[in-house]
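>>> Structure for this input, please:
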Amino acid sequence: MSESSTQNLKDIIKIEYVKCLKDPIYFMKKYVKIQHPIRGTLPFLTYLFQDKTLSDLIKYDQNIILKSRQMGITTLVAAYSLWLMTFHENKEIICLSITQETSKSIVTKVRFANDNLPSWLKLKESEDNRLSLKLSNGSKIVAISSAGTAGRSGAASLLIIDEAAFIDNIDEIWLSSQYTLATGGKAVVLSTPNGVGNWFHKMWTESESGLNNMNRISLPWHHHPERNQKWRDDQTKLSGEKGAAQECDCEFSTSGNTVIDISLLQWYEKNHAIDPIEKRGIDKGYWIFKYPVAGKSYMVSADVARGDASDFSAAQIFDIETMEQVAEYKGKIPTKEYARALMTMATEYNNALLVIENANVGWAVIQEVLDNNYPNLFYSSSDLQYVDVETQMTNKINALEKKMTPGFTTSNKTRPLVISKLESYFRNKEVIVHSKRLIEELQVFIWKSGAVSAKAEAMDGYNDDLVMAIGIGLWIRDVALRLRKESNAATMAIVDRIGTSQAQQAYNNIKLINAGKSVNPFGVYNNPWQMHIGGPSIHGSKAEDLTWLLH
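Got it, this is the predicted structure:
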């Protein structure tokens, strides 16, 4: 080969090297080889969805990938790792999966791709064993097990967590990994879904709500250009409807017995979930979906945080007549400020009925409301706290004589009734909810088995504050309407039982009253300045002269 040809070759290699350095997609498509289970060794000709995914991996420090099976994303991450190692010195890449054996699959892919690089591009290996590969420039990749200290392996340039939804102690691993990433390392968390309630699902939903810095990448089956509806239908035959939805559609199906059927929640999410038209407050936790309308009646039902770090105060505002959610609050706020916020919300919504859960620190909120004389605070009787919704208080003679307590008490007797009412309203689609936060809470609101019976509550690591707030509101609304209806029915029944003579006497009394004359308890008019004070009849009764009131 002539000197000029050699120089030309060097120039070409230099140009190619620079292209590969600047563009990892170019590097992969032209020089990376992969092992296909059927077709054998092939060039890695990435699809458009893979190119976009790679761009996000480069752009963002933390990426969470919700993917269908067999999308080539693990292979893509392996090729990206090789690009980092080849063109950058002293990069350390940590691969972690369910087991150490599955973790090493990425290392194996990197090793195979490196072995098949052209000689001018390939770096020599300074270390090469089953679980790790180190290149001559100091960059290396290592597979580790999912032990609690897995993330404490020194400073990492890239942390890859594969099948994250299936790793039991992933929360501990993620916590420990923050020390290794503190120097500026990146993280890629990828998995098919494994129901709701696990760490992977939590990280995804928190990213949707802006509670963490992860960039979300969703890759359901139809992104792959070689897949069609027939392929998808075949997966249903192989895995069943639920299994295929989880494996192919990237749906977080339930991993527990949710109180509200998951299909119903998906219906609500599709048909009613919307973004708020306004977010208020320092924390932007007050979401407004519809502004108040003059003449409408609203209810504000509020759950008060217990005071620990994981608990939130929450309030739901809805139209009492249409049962449509119009606003919602969720946040961590001191009791006095929360009381004032609730009064502000309730006042804006036409002096709405304000229902506050009065357990524990709830009393502090209620006291602040009382001190400020809010005019429409909900009171409940001891009867109402555990009344059977089918047997109301229509047999009580004087409701005003009952001891009334401000707020609503959630007890072992009322909580099941509240949960039952919540489930009923959603099952019959009688309530309209717009909040994505509420729907997310309902997705992890499950029946947990107990020593005696199942209890409805949030999965471990989640909250049910918004759920309980709307549950209490629905129950109060339903019971209040039933009480009013039964009270009206009882009044009509009493009127119907009045005999003809009693009705005539009542009619005569009305005429006497209209004539300016008084009527005593027995229906006979007398001196208006005398008061009957006892006796079975007017003939044997005593009367007190009230004219002294005029002196």
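
>>> for stretch 275-283, which positions count as buried?
Neighbour-count burial for stretch 275-283 flags 276, 280 (criterion: 16 or more other Cβ atoms under 10 Å). For the C-beta atoms, the positions are set from N, CA and C on the backbone; glycine is no exception.

>>> could I have that stretch exported to CSV, CA atoms only?
Provided in CSV are the C-alpha atoms of stretch 275-283 (Å, rounded to 0.1, in the frame of the first residue of the first chain):
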residue,chain,number,x,y,z
ASP,A,275,-55.6,18.7,34.0
PRO,A,276,-56.6,21.5,36.5
ILE,A,277,-57.5,24.8,35.0
GLU,A,278,-55.6,26.5,37.8
LYS,A,279,-53.1,25.4,40.5
ARG,A,280,-52.9,27.6,43.7
GLY,A,281,-50.9,27.8,46.8
ILE,A,282,-47.2,27.9,47.5
ASP,A,283,-46.9,24.2,46.8
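
>>> what does the average pLDDT come to for it?
Stretch 275-283 comes out with an average pLDDT of 93.

>>> from the middle of its chain, how far away would that stretch be?
How far stretch 275-283 lies from its chain's middle: 17 Å, per Cα atoms, centre = their mean, to the nearest Å.

>>> which residues of the chain score low on pLDDT?
1-7, 147-154, 242, 253-257, 307-310, 382-403, 449-454, 480-551 (pLDDT under 70).

>>> correct me, but residue 124 touches residue 136?
Yes - at 4.4 Å, residue 124 and residue 136 qualify as touching, with contact defined as Cβ atoms under 8 Å.

>>> Neighbour count: these two, which is higher?
Neighbours were counted for residue 124 and for residue 136 using other Cβ atoms under 10 Å; residue 136 has more, 11 against 8.

>>> which ones are touching that one?
123, 124, 125, 126 (Cβ atoms under 8 Å, 6 or more residues apart in numbering).

>>> how far away is it from residue 420?
With distances taken as Cβ to Cβ, to the nearest Å, residue 136 is found 68 Å from residue 420.

>>> and if you look at residue 468?
Applying Cβ to Cβ, the value for residue 468 to residue 420 is 13 Å.

>>> quick one: which of those two has more around it?
Shown here are residue 468 and residue 420; by other Cβ under 10 Å, residue 468 has more neighbours (26 against 15).

>>> part of a strand, is that one?
No - according to DSSP: H, G, I helix; E, B strand; the rest coil, residue 468 belongs to no strand; its state is helix.

>>> domain parsing for the chain?
Following automatic domain parsing, one gets these domains for the chain: 46-253, 265-492, 500-550.

>>> now those domains in a markdown table, with distance to residue 259?
As requested, the domains of the chain are exported to a markdown table (distance: least, Cβ to Cβ, whole Å):
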| stretch | distance to residue 259 |
| --- | --- |
| domain 46-253 | 13 |
| domain 265-492 | 5 |
| domain 500-550 | 52 |
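
>>> show me the contacts for residue 64.
Contacts for residue 64 (Cβ under 8 Å, 6+ apart) come out as 189, 190, 200, 203, 204, 207, 214, 215, 216, 217.

>>> what do you get for residue 315?
300, 301, 302, 303, 328, 329, 342, 345, 469.

>>> returning to what we had before: ok, the contacts of residue 64 vs residue 251, which is closest?
Nearest to residue 251 among the contacts of residue 64 is residue 204, at 11.7 Å by Cβ to Cβ.

>>> Next, the contact list for the closest one, please.
Counting by Cβ under 8 Å, 6+ apart, residue 204 touches 64, 66, 214, 216, 252.

>>> if we look at stretch 408-424, which residues are touching it?
So stretch 408-424 is contacted by 259-260, 355-359, 378, 380, 385-386, 389, 430, 456, 467-468, 470-472, 474-476, 478 (Cβ under 8 Å, 6+ apart).

>>> CA atoms only: put it into PDB for me.
Listed in PDB are the C-alpha atoms of stretch 408-424, where the atom choice follows Å, rounded to 0.1, in the frame of the first residue of the first chain:
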ATOM      1  CA  PHE A 408     -67.100  13.800  61.300                       C
ATOM      2  CA  THR A 409     -65.600  10.900  63.200                       C
ATOM      3  CA  THR A 410     -64.000   8.000  61.300                       C
ATOM      4  CA  SER A 411     -64.300   5.000  63.600                       C
ATOM      5  CA  ASN A 412     -64.300   1.200  63.300                       C
ATOM      6  CA  LYS A 413     -68.100   1.500  62.700                       C
ATOM      7  CA  THR A 414     -68.200   4.400  60.200                       C
ATOM      8  CA  ARG A 415     -65.100   3.500  58.200                       C
ATOM      9  CA  PRO A 416     -66.600   0.400  56.500                       C
ATOM     10  CA  LEU A 417     -69.800   2.400  55.700                       C
ATOM     11  CA  VAL A 418     -67.700   5.100  54.100                       C
ATOM     12  CA  ILE A 419     -65.700   2.600  52.000                       C
ATOM     13  CA  SER A 420     -68.900   0.800  51.000                       C
ATOM     14  CA  LYS A 421     -70.400   4.200  49.800                       C
ATOM     15  CA  LEU A 422     -67.200   5.000  48.000                       C
ATOM     16  CA  GLU A 423     -67.200   1.700  46.100                       C
ATOM     17  CA  SER A 424     -71.000   2.000  45.300                       C
END
